[in-house]
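Enquirer: Show me how the following folds:
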Amino acid sequence: MWLGRMADEVPKYDASILAKDVAADAPLQALLAPHATMFAACAAIEKSTGDLNGPLWHEKFALKEPLLELLKAHPLFSQGKELGVGNSGFHTSPNSIVDSMLDAACEWGPVGAIGWLRKIHACTHTEMAAVSAVSGLNITDPIGFSNGQTICRAKHIPWCARAKGMEFDIMTVPFGQLMHPAAKAHCFVWGDVEAKITAAGEKRLYETQGPREKQRDLIVALALDPSAAPTTTTWWTEFLDPVFQIFSKRGWGQFGQKDDGPEQNASVSLAADTKALVEAYLALTGDWRNACAIALNTIHLSRRFLRPAGKALQLCIGLEALLGPDGGTGEIIHKVATRAAVILADSYADRVEKQKAFRKLYDVRSKLVHGKVAKDEKIWQALKPTVSDIARLSRLAVQRPDGFPVQHIDLMGSLPTAAAT
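Expert: Numbers count the residues shown, from 1 in each chain. The predicted structure follows:
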(Lines give C-alpha, C1' and ligand atoms only; values in the text may rest on other atoms or scores of the structure.)
Protein backbone atom coordinates (compact mmCIF):
# COMPACT_ATOMS: atom_id res chain seq x y z
CA MET A 1 0.00 0.00 0.00
CA TRP A 2 2.87 2.37 0.71
CA LEU A 3 4.39 2.98 -2.68
CA GLY A 4 1.58 1.62 -4.82
CA ARG A 5 -1.29 3.63 -3.39
CA MET A 6 -1.38 6.23 -6.19
CA ALA A 7 -1.46 3.52 -8.84
CA ASP A 8 -4.40 1.61 -7.39
CA GLU A 9 -6.33 4.46 -5.70
CA VAL A 10 -6.81 6.82 -8.63
CA PRO A 11 -9.53 9.47 -8.53
CA LYS A 12 -12.78 8.89 -10.37
CA TYR A 13 -13.66 10.94 -13.47
CA ASP A 14 -16.93 11.67 -15.23
CA ALA A 15 -16.30 10.35 -18.77
CA SER A 16 -18.90 12.65 -20.27
CA ILE A 17 -17.05 15.72 -18.99
CA LEU A 18 -13.70 14.40 -20.21
CA ALA A 19 -15.12 14.39 -23.75
CA LYS A 20 -17.23 17.54 -23.49
CA ASP A 21 -16.54 20.54 -25.77
CA VAL A 22 -13.16 19.19 -26.90
CA ALA A 23 -13.24 21.36 -30.04
CA ALA A 24 -13.20 24.44 -27.82
CA ASP A 25 -9.68 23.50 -26.68
CA ALA A 26 -8.13 24.62 -29.99
CA PRO A 27 -7.55 28.29 -29.00
CA LEU A 28 -5.81 27.14 -25.81
CA GLN A 29 -3.50 24.87 -27.77
CA ALA A 30 -2.76 27.68 -30.23
CA LEU A 31 -1.75 29.97 -27.35
CA LEU A 32 0.37 27.50 -25.36
CA ALA A 33 1.99 25.27 -28.02
CA PRO A 34 4.50 27.88 -29.33
CA HIS A 35 5.93 28.14 -25.80
CA ALA A 36 6.59 24.44 -25.26
CA THR A 37 10.37 25.00 -25.09
CA MET A 38 9.96 27.71 -22.47
CA PHE A 39 7.72 25.48 -20.34
CA ALA A 40 10.28 22.66 -20.50
CA ALA A 41 13.06 25.06 -19.50
CA CYS A 42 11.01 26.30 -16.54
CA ALA A 43 10.47 22.70 -15.43
CA ALA A 44 14.20 22.00 -15.62
CA ILE A 45 15.02 25.11 -13.58
CA GLU A 46 12.46 24.20 -10.93
CA LYS A 47 13.84 20.66 -10.68
CA SER A 48 17.42 21.85 -10.24
CA THR A 49 16.87 24.92 -8.06
CA GLY A 50 13.39 24.55 -6.54
CA ASP A 51 12.44 27.97 -7.95
CA LEU A 52 8.89 27.80 -9.28
CA ASN A 53 9.32 30.81 -11.58
CA GLY A 54 13.04 31.19 -12.27
CA PRO A 55 14.65 33.59 -14.77
CA LEU A 56 11.91 32.90 -17.34
CA TRP A 57 9.11 34.07 -15.07
CA HIS A 58 8.38 37.16 -17.20
CA GLU A 59 7.80 35.06 -20.32
CA LYS A 60 5.61 32.65 -18.41
CA PHE A 61 3.73 35.48 -16.67
CA ALA A 62 3.05 37.19 -20.02
CA LEU A 63 0.79 34.26 -20.94
CA LYS A 64 -1.42 34.67 -17.88
CA GLU A 65 -3.82 37.37 -19.13
CA PRO A 66 -4.47 35.89 -22.60
CA LEU A 67 -4.85 32.43 -21.05
CA LEU A 68 -7.31 33.81 -18.51
CA GLU A 69 -9.47 35.33 -21.22
CA LEU A 70 -9.54 32.05 -23.16
CA LEU A 71 -10.53 30.13 -20.04
CA LYS A 72 -13.38 32.55 -19.36
CA ALA A 73 -14.64 32.02 -22.93
CA HIS A 74 -14.40 28.23 -22.80
CA PRO A 75 -17.82 26.51 -22.38
CA LEU A 76 -16.45 23.99 -19.84
CA PHE A 77 -13.47 25.66 -18.21
CA SER A 78 -15.40 28.85 -17.45
CA GLN A 79 -17.48 26.86 -14.94
CA GLY A 80 -16.29 26.69 -11.34
CA LYS A 81 -16.10 23.59 -9.12
CA GLU A 82 -14.96 23.40 -5.56
CA LEU A 83 -13.12 20.88 -3.42
CA GLY A 84 -14.16 21.45 0.16
CA VAL A 85 -11.59 20.99 2.91
CA GLY A 86 -12.77 22.08 6.33
CA ASN A 87 -13.07 25.86 6.21
CA SER A 88 -11.12 26.21 2.98
CA GLY A 89 -10.76 24.58 -0.41
CA PHE A 90 -9.68 25.21 -3.95
CA HIS A 91 -11.80 26.55 -6.77
CA THR A 92 -11.58 25.80 -10.50
CA SER A 93 -12.83 29.15 -11.74
CA PRO A 94 -10.53 30.73 -14.38
CA ASN A 95 -9.14 33.32 -11.96
CA SER A 96 -8.27 30.62 -9.42
CA ILE A 97 -6.89 28.02 -11.82
CA VAL A 98 -4.84 30.04 -14.32
CA ASP A 99 -1.54 30.01 -12.38
CA SER A 100 -1.81 26.28 -11.71
CA MET A 101 -2.53 25.64 -15.38
CA LEU A 102 0.74 27.35 -16.30
CA ASP A 103 2.46 25.14 -13.70
CA ALA A 104 0.81 22.12 -15.32
CA ALA A 105 2.16 23.22 -18.72
CA CYS A 106 5.66 23.17 -17.23
CA GLU A 107 5.02 19.73 -15.77
CA TRP A 108 3.31 18.02 -18.73
CA GLY A 109 3.60 20.37 -21.68
CA PRO A 110 0.86 22.48 -23.37
CA VAL A 111 -1.30 19.54 -24.47
CA GLY A 112 -0.86 17.84 -21.12
CA ALA A 113 -1.94 21.01 -19.31
CA ILE A 114 -5.26 21.08 -21.18
CA GLY A 115 -5.79 17.39 -20.41
CA TRP A 116 -4.95 18.12 -16.78
CA LEU A 117 -7.62 20.80 -16.56
CA ARG A 118 -10.18 18.43 -18.09
CA LYS A 119 -9.40 15.89 -15.39
CA ILE A 120 -9.82 18.54 -12.71
CA HIS A 121 -13.28 19.40 -14.03
CA ALA A 122 -14.26 15.75 -14.57
CA CYS A 123 -13.13 14.49 -11.16
CA THR A 124 -15.87 13.56 -8.70
CA HIS A 125 -13.68 12.74 -5.72
CA THR A 126 -10.03 12.19 -4.93
CA GLU A 127 -7.86 10.77 -2.16
CA MET A 128 -6.15 13.13 0.23
CA ALA A 129 -3.95 12.74 3.27
CA ALA A 130 -4.00 14.64 6.54
CA VAL A 131 -0.38 14.81 7.71
CA SER A 132 1.18 15.98 10.97
CA ALA A 133 4.88 16.57 11.55
CA VAL A 134 6.00 14.90 14.79
CA SER A 135 8.82 15.97 17.10
CA GLY A 136 10.30 13.81 19.85
CA LEU A 137 9.82 10.34 18.36
CA ASN A 138 12.41 8.11 16.70
CA ILE A 139 11.14 5.27 14.52
CA THR A 140 12.67 3.11 11.80
CA ASP A 141 9.74 1.34 10.14
CA PRO A 142 6.14 2.50 9.58
CA ILE A 143 3.70 1.74 12.40
CA GLY A 144 0.03 1.50 11.41
CA PHE A 145 -2.80 1.78 13.94
CA SER A 146 -6.42 0.67 13.93
CA ASN A 147 -7.75 4.25 13.82
CA GLY A 148 -6.42 4.56 10.27
CA GLN A 149 -3.33 6.60 11.16
CA THR A 150 0.27 5.63 10.43
CA ILE A 151 3.51 6.91 11.94
CA CYS A 152 6.44 6.85 9.54
CA ARG A 153 9.53 8.60 8.23
CA ALA A 154 9.53 10.96 5.25
CA LYS A 155 11.03 8.27 3.01
CA HIS A 156 7.92 6.12 3.52
CA ILE A 157 5.61 8.80 2.08
CA PRO A 158 7.27 9.94 -1.17
CA TRP A 159 3.98 11.44 -2.34
CA CYS A 160 4.10 13.96 0.53
CA ALA A 161 5.78 17.02 -0.94
CA ARG A 162 5.88 19.04 2.27
CA ALA A 163 7.54 16.27 4.26
CA LYS A 164 10.61 16.52 2.05
CA GLY A 165 13.22 18.64 3.76
CA MET A 166 11.31 18.82 7.07
CA GLU A 167 12.80 15.71 8.65
CA PHE A 168 16.08 15.77 10.53
CA ASP A 169 18.07 13.35 12.66
CA ILE A 170 18.44 14.70 16.19
CA MET A 171 22.01 13.36 16.34
CA THR A 172 23.13 15.58 13.46
CA VAL A 173 21.98 18.84 15.06
CA PRO A 174 24.89 20.73 16.67
CA PHE A 175 24.59 21.00 20.44
CA GLY A 176 22.79 24.18 21.43
CA GLN A 177 21.44 24.90 17.98
CA LEU A 178 17.85 26.10 18.03
CA MET A 179 15.42 24.93 15.35
CA HIS A 180 12.02 26.40 14.61
CA PRO A 181 9.47 23.77 15.75
CA ALA A 182 7.26 24.23 12.70
CA ALA A 183 10.19 23.71 10.33
CA LYS A 184 11.61 20.35 11.39
CA ALA A 185 10.33 16.93 12.41
CA HIS A 186 11.62 13.54 13.51
CA CYS A 187 8.80 11.68 11.77
CA PHE A 188 5.21 12.07 10.55
CA VAL A 189 1.73 10.71 11.23
CA TRP A 190 -0.81 10.58 8.43
CA GLY A 191 -4.17 9.15 7.45
CA ASP A 192 -6.00 9.31 4.13
CA VAL A 193 -9.44 10.77 3.58
CA GLU A 194 -11.74 10.81 0.60
CA ALA A 195 -12.48 14.36 -0.52
CA LYS A 196 -15.71 15.12 -2.37
CA ILE A 197 -15.67 17.61 -5.21
CA THR A 198 -18.83 19.67 -5.44
CA ALA A 199 -20.30 22.46 -7.50
CA ALA A 200 -19.22 25.88 -6.32
CA GLY A 201 -21.21 27.03 -3.31
CA GLU A 202 -22.43 23.57 -2.25
CA LYS A 203 -21.86 22.34 1.27
CA ARG A 204 -18.39 20.90 1.72
CA LEU A 205 -18.40 17.29 2.81
CA TYR A 206 -14.87 16.82 4.08
CA GLU A 207 -13.70 18.14 7.41
CA THR A 208 -10.05 18.19 8.42
CA GLN A 209 -10.79 18.04 12.14
CA GLY A 210 -11.71 14.33 11.97
CA PRO A 211 -8.29 12.99 10.96
CA ARG A 212 -6.55 15.72 12.94
CA GLU A 213 -8.26 14.64 16.15
CA LYS A 214 -7.36 11.02 15.45
CA GLN A 215 -3.73 12.02 15.06
CA ARG A 216 -3.68 14.05 18.26
CA ASP A 217 -5.39 11.19 20.10
CA LEU A 218 -2.74 8.79 18.83
CA ILE A 219 0.20 11.04 19.71
CA VAL A 220 -1.13 11.55 23.24
CA ALA A 221 -1.71 7.79 23.60
CA LEU A 222 2.01 7.27 23.03
CA ALA A 223 2.43 8.47 26.61
CA LEU A 224 1.67 4.81 27.38
CA ASP A 225 5.30 4.28 26.46
CA PRO A 226 7.53 4.64 29.55
CA SER A 227 9.36 7.71 28.21
CA ALA A 228 7.68 9.08 25.08
CA ALA A 229 5.92 12.44 24.87
CA PRO A 230 6.01 13.40 21.18
CA THR A 231 4.25 16.48 19.84
CA THR A 232 2.82 17.46 16.48
CA THR A 233 4.56 20.64 15.36
CA THR A 234 2.32 21.45 12.41
CA TRP A 235 -0.21 19.73 10.19
CA TRP A 236 -1.65 20.03 6.72
CA THR A 237 -3.68 18.30 4.02
CA GLU A 238 -2.09 16.97 0.87
CA PHE A 239 -3.30 15.40 -2.36
CA LEU A 240 -2.22 11.85 -3.09
CA ASP A 241 -2.83 12.08 -6.83
CA PRO A 242 -0.25 13.90 -9.05
CA VAL A 243 -3.07 15.57 -11.01
CA PHE A 244 -4.01 17.51 -7.88
CA GLN A 245 -0.53 17.88 -6.39
CA ILE A 246 0.07 20.75 -8.81
CA PHE A 247 -1.96 22.91 -6.40
CA SER A 248 0.61 22.32 -3.65
CA LYS A 249 3.11 24.35 -5.62
CA ARG A 250 1.00 27.41 -4.92
CA GLY A 251 0.86 26.73 -1.19
CA TRP A 252 -2.49 24.92 -1.16
CA GLY A 253 -3.29 23.06 2.05
CA GLN A 254 -4.26 23.87 5.60
CA PHE A 255 -1.45 24.46 8.06
CA GLY A 256 -2.28 24.15 11.74
CA GLN A 257 -0.60 25.27 14.93
CA LYS A 258 1.74 23.21 17.05
CA ASP A 259 0.52 21.48 20.20
CA ASP A 260 0.17 23.41 23.45
CA GLY A 261 2.95 23.33 25.96
CA PRO A 262 6.68 22.73 25.71
CA GLU A 263 8.20 20.12 23.42
CA GLN A 264 10.24 17.10 24.32
CA ASN A 265 13.83 17.79 23.26
CA ALA A 266 14.98 14.22 22.75
CA SER A 267 13.92 11.82 20.03
CA VAL A 268 12.61 8.74 21.85
CA SER A 269 12.28 5.20 20.50
CA LEU A 270 9.12 3.29 21.41
CA ALA A 271 9.19 0.24 23.68
CA ALA A 272 8.19 -3.12 22.20
CA ASP A 273 4.77 -3.25 23.89
CA THR A 274 3.73 0.35 23.16
CA LYS A 275 1.74 -0.40 20.00
CA ALA A 276 -0.36 -3.06 21.77
CA LEU A 277 -1.09 -0.65 24.62
CA VAL A 278 -2.08 2.12 22.22
CA GLU A 279 -4.43 -0.27 20.40
CA ALA A 280 -5.98 -1.21 23.76
CA TYR A 281 -6.59 2.48 24.43
CA LEU A 282 -8.06 3.09 20.96
CA ALA A 283 -10.53 0.24 21.57
CA LEU A 284 -11.92 1.81 24.77
CA THR A 285 -15.34 3.45 24.72
CA GLY A 286 -17.57 5.67 26.83
CA ASP A 287 -16.66 7.43 30.05
CA TRP A 288 -13.67 5.19 30.74
CA ARG A 289 -12.17 6.11 27.36
CA ASN A 290 -12.59 9.78 28.30
CA ALA A 291 -10.98 9.24 31.71
CA CYS A 292 -8.00 7.48 30.16
CA ALA A 293 -7.69 10.22 27.53
CA ILE A 294 -7.49 12.88 30.26
CA ALA A 295 -4.91 10.86 32.20
CA LEU A 296 -2.74 10.28 29.13
CA ASN A 297 -2.96 13.96 28.20
CA THR A 298 -1.67 14.97 31.62
CA ILE A 299 1.12 12.37 31.64
CA HIS A 300 2.08 13.42 28.13
CA LEU A 301 2.21 17.09 29.12
CA SER A 302 4.05 16.43 32.41
CA ARG A 303 6.93 14.83 30.51
CA ARG A 304 7.33 17.97 28.46
CA PHE A 305 7.62 20.33 31.42
CA LEU A 306 11.13 21.10 32.63
CA ARG A 307 10.18 22.45 36.07
CA PRO A 308 8.78 19.97 38.62
CA ALA A 309 5.79 22.12 39.63
CA GLY A 310 4.12 21.69 36.25
CA LYS A 311 4.83 17.96 36.30
CA ALA A 312 3.29 17.52 39.75
CA LEU A 313 0.10 19.41 38.93
CA GLN A 314 -0.47 17.51 35.69
CA LEU A 315 0.13 14.09 37.24
CA CYS A 316 -2.34 14.75 40.05
CA ILE A 317 -5.01 15.63 37.49
CA GLY A 318 -4.30 12.35 35.72
CA LEU A 319 -4.56 10.37 38.95
CA GLU A 320 -7.95 11.84 39.75
CA ALA A 321 -9.22 11.13 36.24
CA LEU A 322 -8.45 7.42 36.67
CA LEU A 323 -9.18 6.89 40.37
CA GLY A 324 -11.27 9.79 41.65
CA PRO A 325 -14.83 9.56 40.34
CA ASP A 326 -17.06 6.99 42.03
CA GLY A 327 -20.15 8.96 43.01
CA GLY A 328 -19.37 8.62 46.71
CA THR A 329 -18.24 11.00 49.40
CA GLY A 330 -15.04 11.28 51.39
CA GLU A 331 -11.61 12.80 51.14
CA ILE A 332 -10.42 12.62 47.52
CA ILE A 333 -6.72 12.54 48.48
CA HIS A 334 -7.20 9.51 50.72
CA LYS A 335 -9.30 7.74 48.11
CA VAL A 336 -6.91 8.31 45.22
CA ALA A 337 -3.77 7.47 47.24
CA THR A 338 -5.34 4.28 48.62
CA ARG A 339 -6.68 3.11 45.27
CA ALA A 340 -3.35 3.70 43.53
CA ALA A 341 -1.52 1.82 46.26
CA VAL A 342 -3.79 -1.23 46.06
CA ILE A 343 -3.59 -1.41 42.27
CA LEU A 344 0.19 -1.04 42.15
CA ALA A 345 1.33 -3.12 45.15
CA ASP A 346 0.47 -6.55 46.53
CA SER A 347 1.53 -6.63 50.18
CA TYR A 348 0.00 -4.47 52.89
CA ALA A 349 3.38 -2.98 53.78
CA ASP A 350 4.12 -1.99 50.19
CA ARG A 351 0.67 -0.49 49.83
CA VAL A 352 1.18 1.66 52.93
CA GLU A 353 4.45 2.99 51.51
CA LYS A 354 2.91 3.81 48.16
CA GLN A 355 -0.07 5.46 49.83
CA LYS A 356 2.34 7.70 51.76
CA ALA A 357 4.18 8.57 48.54
CA PHE A 358 0.99 9.59 46.75
CA ARG A 359 -0.23 11.62 49.74
CA LYS A 360 3.11 13.45 49.73
CA LEU A 361 2.61 14.27 46.05
CA TYR A 362 -0.85 15.62 46.85
CA ASP A 363 0.55 17.73 49.71
CA VAL A 364 2.86 19.39 47.17
CA ARG A 365 -0.05 19.89 44.79
CA SER A 366 -2.10 21.54 47.54
CA LYS A 367 0.66 24.03 48.28
CA LEU A 368 1.09 24.88 44.61
CA VAL A 369 -2.60 25.47 43.86
CA HIS A 370 -3.01 27.61 46.98
CA GLY A 371 -0.11 29.87 46.08
CA LYS A 372 2.37 28.61 48.65
CA VAL A 373 6.03 28.47 47.66
CA ALA A 374 7.37 24.96 47.22
CA LYS A 375 11.07 24.52 46.49
CA ASP A 376 11.97 22.50 43.42
CA GLU A 377 13.96 20.07 45.56
CA LYS A 378 10.89 19.28 47.68
CA ILE A 379 8.75 18.78 44.58
CA TRP A 380 11.32 16.48 43.00
CA GLN A 381 11.39 14.42 46.21
CA ALA A 382 7.62 13.95 45.93
CA LEU A 383 7.77 13.17 42.22
CA LYS A 384 10.61 10.66 42.25
CA PRO A 385 8.72 7.71 43.80
CA THR A 386 5.45 8.36 41.93
CA VAL A 387 6.23 9.28 38.31
CA SER A 388 6.90 5.73 37.11
CA ASP A 389 3.98 4.42 39.20
CA ILE A 390 1.53 6.80 37.54
CA ALA A 391 2.83 5.80 34.11
CA ARG A 392 2.36 2.13 35.06
CA LEU A 393 -1.13 2.90 36.33
CA SER A 394 -2.07 4.34 32.94
CA ARG A 395 -0.82 1.21 31.19
CA LEU A 396 -2.90 -0.96 33.50
CA ALA A 397 -5.92 1.29 33.00
CA VAL A 398 -6.13 0.93 29.22
CA GLN A 399 -6.09 -2.86 29.60
CA ARG A 400 -9.28 -2.77 31.68
CA PRO A 401 -12.18 -1.98 29.30
CA ASP A 402 -14.56 -1.49 32.22
CA GLY A 403 -12.18 0.56 34.35
CA PHE A 404 -10.97 0.00 37.91
CA PRO A 405 -13.55 -1.08 40.54
CA VAL A 406 -12.58 1.93 42.64
CA GLN A 407 -15.58 1.79 44.95
CA HIS A 408 -14.45 -1.61 46.29
CA ILE A 409 -10.79 -0.80 46.96
CA ASP A 410 -9.16 -0.49 50.38
CA LEU A 411 -5.65 -1.26 51.64
CA MET A 412 -6.59 -4.77 52.76
CA GLY A 413 -8.59 -5.52 49.62
CA SER A 414 -7.60 -6.82 46.21
CA LEU A 415 -8.48 -6.28 42.60
CA PRO A 416 -10.40 -8.94 40.67
CA THR A 417 -8.14 -11.53 39.07
CA ALA A 418 -8.98 -10.04 35.64
CA ALA A 419 -6.80 -7.02 36.43
CA ALA A 420 -3.96 -6.54 33.94
CA THR A 421 -0.46 -7.04 35.25
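Enquirer: Select the longest helix from this protein.
Expert: helix 94-122 (DSSP state H).
Enquirer: Can you name the secondary structure element that comes next after that helix?
Expert: strand 123-135 (DSSP states H and E).
Enquirer: Could you list the paired strands of whichever helix or strand comes after that next one along with their orientation?
Expert: Once strand 123-135 ends, the next helix or strand along the chain (criterion: DSSP H and E) is strand 137-138. Sheet partners assigned to strand 137-138 using DSSP bridges are listed as strand 268-269 (parallel).
Enquirer: From the chain's centroid, how far away is the strand it pairs with?
Expert: Computed by CA atoms, centre = their mean, to the nearest Å, the chain-centroid distance of strand 268-269 equals 18 Å.
Enquirer: what does that strand contact?
Expert: In this structure, residues lying in contact with strand 268-269 by CB atoms under 8 Å, 6 or more residues apart in numbering are G136, L137, N138, I139, D225, S227, A228, A229, P230. To be clear about C-beta, it is placed using only N, CA and C from the backbone, and glycine gets the same treatment.
Enquirer: Out of those, flag the one nearest to S388.
Expert: S227 (10.0 Å; CB to CB).
Enquirer: State the distance from that closest one to V398.
Expert: As judged by CB to CB, to the nearest Å, S227 and V398 stand 17 Å apart.
Enquirer: These two - which one has more neighbours?
Expert: More crowded of S227 and V398, by other CB atoms under 10 Å: V398, with 24 against 13.
Enquirer: what residues are up against the most centrally placed residue in the chain?
Expert: The structure's the chain has its C-alpha centroid closest to S132; by CA atoms, centre = their mean the separation is 3.3 Å. Listed by CB under 8 Å, 6+ apart, the contact partners of S132 are F188, V189, W190, R212, Q215, R216, I219, T232, T233, T234, W235, G256.
Enquirer: Mind checking which of those are in helices?
Expert: Those of those lying in helices (DSSP H): R212, Q215, R216, I219.
Enquirer: Relative to A154, which of the residues you listed is nearest.
Expert: Nearest to A154 out of the ones in helices among the contacts of S132 is Q215 (CB to CB; 16.2 Å).
Enquirer: Quick check, the closest one in contact with A221.
Expert: No. Taking CB atoms under 8 Å as the definition, Q215 is not a contact partner of A221, at 10.6 Å.
Enquirer: Give me the common contacts of the two.
Expert: With CB under 8 Å, 6+ apart, Q215 and A221 have no common neighbours.
Enquirer: what's around A41, how many residues?
Expert: A41 has 17 neighbours, counted by other CB under 10 Å.
Enquirer: Could you tell me the end-to-end distance of stretch 29-43?
Expert: End-to-end distance for stretch 29-43: 19 Å, by CA to CA, to the nearest Å.
Enquirer: try stretch 219-236
Expert: Start-to-end, stretch 219-236 (CA to CA) is 16 Å.
Enquirer: buried residues in that stretch?
Expert: For stretch 219-236, burial by neighbour count (16 or more other CB atoms under 10 Å) applies to 219-225, 228-236.
Enquirer: what are the ranges of the strands in the stretch 201-350 of the chain?
Expert: Ranges of strands within the stretch 201-350 of the chain are 231-239, 268-269, based on DSSP state E, counting those that start in this stretch.
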